[in-house]
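Peer 1: Just the structure for this:
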Amino acid sequence: MTMPRSRAAREIPPPLELECLKALWRIGEGTVKDVRKLVTENRNLAYTTVMTVLDRLEKRGRVMRKKVGRSFVYTPVVDRDELRRLAVKDVIDTFFDGSEEALRAFLDSGLAAAPRSTTRPVIEPSPPESIDTELL
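Peer 2: From the prediction side, this is the model:
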């Protein structure tokens, strides 16, 4: 059974759209080429892929574009802090039953910083029982 997505979750862009928004927030405004240059620092994406993502963002009202010469220049409309607020609200609603206090308690407990592995535990190597001093 899947959980219904909250309003906040629906407003949070998918990962690739978010990467393009992050690039635009860094540069203020830019062409597909400018955005692709930043996004491909971490992954290889085709020019047409970035163009499609920016077009999708424009249709959803998250960026504006204006024609400059033969290309479009994209500018973010959505505010970075507003998306952060939505993401935190979604985490609170989804994992903490809507309680900011429960999230604070979780963060204060240090559990958030302690990485948990779902794989087998790390086994520390045992120190050698004795060191062969003849080789030293």
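Peer 1: Phi and psi next, for the nearest residue to V78 once chain neighbours are set aside.
Peer 2: Nearest non-adjacent residue to V78, counting by CB to CB, 6 or more residues apart in numbering: R62, 4.6 Å away. C-beta: built from backbone N, CA, C; applies to glycine. Dihedral angles of R62 (phi, psi; degrees, to the nearest 10) stand at phi -90, psi -20.
Peer 1: Could you do R65 as well?
Peer 2: The phi/psi pair for R65 (degrees, to the nearest 10) is phi -140, psi 150.
Peer 1: which residues touch it?
Peer 2: L54, E58, F72, V73, Y74, T75 (CB atoms under 8 Å, 6 or more residues apart in numbering).
Peer 1: mind checking which helix or strand the residue nearest to it when sequence neighbours are not counted is in?
Peer 2: Closest residue to R65 apart from its sequence neighbours, by CB to CB, 6+ apart: F72 at 4.2 Å. Per DSSP states H and E, F72 falls inside strand 71-76.
Peer 1: circling back: just the buried residues out of the contacts of R65, in ChimeraX syntax.
Peer 2: Command for ChimeraX, covering only those of the contacts of R65 found buried under the criterion 16 or more other CB atoms under 10 Å:
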select :54,58,72,74
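Peer 1: now the contacts of R65 as CSV including distance to L111 and pLDDT?
Peer 2: Converted to CSV, the contacts of R65 look like this (distance: CB to CB, whole Å; pLDDT from 0 to 100):
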residue, distance to L111, pLDDT
L54, 38, 98
E58, 40, 97
F72, 45, 97
V73, 44, 98
Y74, 40, 98
T75, 40, 98
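Peer 1: which outside residues touch the helix or strand where M51 lies?
Peer 2: Assigned by DSSP H and E, M51 falls within helix 47-59. If you take CB under 8 Å, 6+ apart as the criterion, helix 47-59 is touched by 13, 16-17, 20-21, 32-33, 35-36, 39, 63-65, 72, 74.
Peer 1: again, only using 7 Å
Peer 2: L16, E17, C20, L21, V32, V35, R36, V39, V63, R65, Y74 (CB atoms under 7 Å, 6 or more residues apart in numbering).
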